[in-house]
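**Student:** Quick check, what structure comes out for this input:
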Amino acid sequence: MLDPDRRLTEIHAIVLTGGSAFGLASAQGVVEWLAERGVGYVTAITPVPIVPAAVIFDLGAGSPDVRPGPDAGRAACDAASKEVETGRVGVGAGATVGKWAGFEHRSPGGFGFGSAAEDGMEVAAVAVVNSVGDVLADDGTVLAGTTSPDPHYLSPPSRAAAAPVNTVLCVVMARGVTDKREVRWLAARGSDGIAMTVRPAHTRYDGDVVFGVSAPPAPGDPPANIDLMGLLATRAVGAAVRNAVA
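**Tutor:** Numbering: from 1, shown residues only. Got it, this is the predicted structure:
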């Protein structure tokens, strides 16, 4: 449905959750919460909430039997506010980074928020950082990464054993971009922010996902400059990734 060639041009929530595939059940709680309030894609029968969802594999960070379900999705809707709590909270509670030298040498990841603005335009982003790689500061130093005293990149069999346990999830949020293909392009530029702040990034052992969303322009907003907003999307995601481990 999110593909630019599909006709759908609206969504009503995005769920980022832990619990691997089990955690996708939390999206059902969000769908029900929205449906009870009449929010959704208007059909001839009833509004249908459109809620994309993505998960991280964090079952090794605590009890693998503790998984977000519909009640957690509802609780997230009830707790929503303009104040964004970051760090080891929500979906970021079990996130870890710096696993390239061995899972046993991982460091805490988390959930972060970032934004970038220029010439009256602003792009915001959130990120769940659960990567193979380390998270880097702007000067290239490591903010959060492997704790191995003798770090070296894992041999292929060791990497394969850790293959399903990593991903960075992001949402890029803009205003005034009305073309679905351009919104997808902003998501791709957001992915560049991961590459700038995580080392190594986008490995075969990461399942990185970046969603892009845009709201209608507000009164007084300048015309959207998609090229500038792409640059801002990269900066915003980079800031969100770093904020997740700050």
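**Student:** Next, the contact list for residue 86, please.
**Tutor:** Shown in contact with residue 86 (Cβ atoms under 8 Å, 6 or more residues apart in numbering): 92, 110-113, 243-244, 246. Placement of C-beta: from N, CA and C, glycine included.
**Student:** oh sorry, the question was meant for residue 121
**Tutor:** Listed by Cβ under 8 Å, 6+ apart, the contact set of residue 121 reads 176, 221-222, 224-225, 228-229, 232.
**Student:** In PyMOL, select just the buried ones from the contacts of residue 86.
**Tutor:** Buried residues among those (16 or more other Cβ atoms under 10 Å), as a PyMOL selection:
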select buried, resi 92+110+111+112+113+243+244
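**Student:** Which pLDDT value belongs to the residue nearest to residue 209 when sequence neighbours are not counted?
**Tutor:** What sits nearest to residue 209 in space, not counting adjacent residues and going by Cβ to Cβ, 6 or more residues apart in numbering, is residue 54, at 4.6 Å. The per-residue pLDDT reported for residue 54 equals 97.
**Student:** okay, the contacts of residue 86 in a markdown table with secondary structure next?
**Tutor:** Shown next, in a markdown table, are the contacts of residue 86 (DSSP: H, G, I helix; E, B strand; the rest coil):
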| residue | secondary structure |
| --- | --- |
| 92 | helix |
| 110 | strand |
| 111 | strand |
| 112 | strand |
| 113 | strand |
| 243 | helix |
| 244 | helix |
| 246 | coil |
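**Student:** Just send the contacts of residue 86 back as JSON lines, with pLDDT and distance to residue 17 too.
**Tutor:** Shown next, in JSON lines, are the contacts of residue 86 (pLDDT from 0 to 100; distance: Cβ to Cβ, whole Å):
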{"residue": "92", "pLDDT": "96", "distance to residue 17": "11"}
{"residue": "110", "pLDDT": "98", "distance to residue 17": "14"}
{"residue": "111", "pLDDT": "98", "distance to residue 17": "11"}
{"residue": "112", "pLDDT": "98", "distance to residue 17": "16"}
{"residue": "113", "pLDDT": "98", "distance to residue 17": "17"}
{"residue": "243", "pLDDT": "98", "distance to residue 17": "19"}
{"residue": "244", "pLDDT": "98", "distance to residue 17": "15"}
{"residue": "246", "pLDDT": "92", "distance to residue 17": "22"}
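**Student:** Buried ones among the contacts of residue 121?
**Tutor:** Those of those that meet the buried threshold are 176, 224-225, 228-229, 232, by 16+ other Cβ under 10 Å.
**Student:** before we move on, the earlier item: pick the one among the contacts of residue 86 closest to residue 202.
**Tutor:** residue 244 (16.9 Å; Cβ to Cβ).
**Student:** one step back: show me what the helix or strand encompassing the residue nearest to residue 209 is packed up against.
**Tutor:** Under the criterion of DSSP states H and E, residue 54 resides in strand 53-55. On a contact count with 3 or more Cβ pairs under 8 Å, 6 or more residues apart in numbering; DSSP states H and E, strand 53-55 meets strand 15-17, strand 167-175.
**Student:** averaged over its residues, what pLDDT does the longest one have?
**Tutor:** In this case it means strand 167-175. 97.
**Student:** Go through it and flag the buried ones.
**Tutor:** Buried, per 16+ other Cβ under 10 Å, within strand 167-175: 167-175.
**Student:** now stretch 202-212
**Tutor:** Residues of stretch 202-212 classed as buried: 202-203, 205-212 (neighbour count, 16+ other Cβ under 10 Å).
**Student:** next one: stretch 186-199
**Tutor:** 186-187, 189-199.
**Student:** Might you report the residue contacts of the residue nearest to residue 211 when sequence neighbours are not counted?
**Tutor:** Nearest residue to residue 211 in three dimensions, chain neighbours excluded: residue 171, at 4.7 Å (Cβ to Cβ, 6+ apart). Contact analysis of residue 171 by Cβ under 8 Å, 6+ apart lists 14, 16, 125-126, 210-213.
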